[in-house]
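> Make a model of this:
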Amino acid sequence: MNLGIFGANGRMGRVLVEAIDSDVSATLISATVRKGSDWVGMDVGELAGIGKYGLAVSDLPSTDVDAMIDFTLPTALASNLDWCIEHKKPVVIGTTGLNADQKALLQEAAKSIPVVFAANYSIGVNLMLNLLKQTARVMGEHCDIEIWEAHHRNKLDAPSGTAVAMGEAIAGELGRDLNNCAVYGREGHTGKRPQGQIGFATVRAGDIVGEHTVMFADIGERIELTHKASSRLTFAKGAVRAALWLKDKPAGLYDMQQVLGLEAHD
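I've put the predicted structure just below:
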């Protein structure tokens, strides 16, 4: 399957080059950067640090791709989706920190093309989301729930999209609206912890790739579920798996739970 990458010069873009190169079912035929970038014309393999690949970086995707992968910035989402819609190309979106309007763009695009959007493309994280739902069903009504996450110093959004997805999975299982029960950090005299809160704590430091821990704490016992990523390659491989899964799929908005067969598509 012929794949393309938006933002090949980005941190995840370079790792995606490596992930596609190592997958026997995928071939990278298009790697783009923004117009006017100094990276235009450079061999994408040399850009990614894996040696000469034989494909030059460009500022427009090839129309011969079977699917595109986008881990760029929220500001680039609209134009990238417009290109995919115009050329009827499926797309995997890994960009985090999207606002409500940008998420609405995904919904609109999914009326025309197949789109996979996930807060995290790690296989382990998506399995953990299922475990969180199961734990919430059994313990959630009787315990305090806290979500802790840590990432590198250069991450732009907080809490992470993955942490929010975990909170949404738990809140949904408990019939709650995360917007009404989430608490993002605490300071000063906060008083007794109200029942039903889902707390979030954020760390930004060094080169931490990604760590998430969810605590279900009752009186006398607690369960902690933790996922730690040591390499961005795990996210890139998941995204490539999602792109391959999109082959021949009808227009619609999908997620990694569906890609992995953990959840049926409506």
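> The closest residue to Asn154 other than its chain neighbours and Arg222: what is the separation?
Excluding the flanking residues, the one nearest Asn154 by Cβ to Cβ, 6 or more residues apart in numbering is Arg11, at 7.9 Å. Where you see a C-beta, it was placed from the backbone N, CA and C, and this is true even at glycine. Distance, Arg11 to Arg222, by Cβ to Cβ, to the nearest Å: 35 Å.
> same question, Asp70
For Asp70, the distance to Arg222 - Cβ to Cβ - is 38 Å.
> what about those two, which has more around it?
A count of neighbours by other Cβ atoms under 10 Å puts Asp70 above the other of Asp70 and Arg222, at 28 against 13.
> Could I get the phi/psi values of the closest residue to the more buried one other than its chain neighbours?
Excluding the flanking residues, the one nearest Asp70 by Cβ to Cβ, 6+ apart is Phe6, at 4.2 Å. Backbone torsions of Phe6, given as degrees, to the nearest 10, read phi -80, psi 140.
> Equivalent analysis for Phe117, please.
Per degrees, to the nearest 10, the backbone of Phe117 is at phi -130, psi 130.
> Surely it is in contact with Leu106?
Yes. Counting by Cβ atoms under 8 Å, Phe117 touches Leu106, with 5.4 Å between them.
> packing partners for the one helix or strand Val183 maps to?
Assigned by DSSP states H and E, Val183 belongs to strand 182-184. For strand 182-184, the packing partners by 3 or more Cβ pairs under 8 Å, 6 or more residues apart in numbering; DSSP states H and E come out as strand 198-204.
> who does the strand holding Val183 pair up with?
strand 198-204 (parallel) (DSSP bridges).
> quick check: mean pLDDT across the helix or strand following the partner strand?
Next helix or strand after strand 198-204 toward the C-terminus (DSSP H and E): strand 210-218. Averaged over strand 210-218, pLDDT sits at 97.
> Great, nothing more from me.
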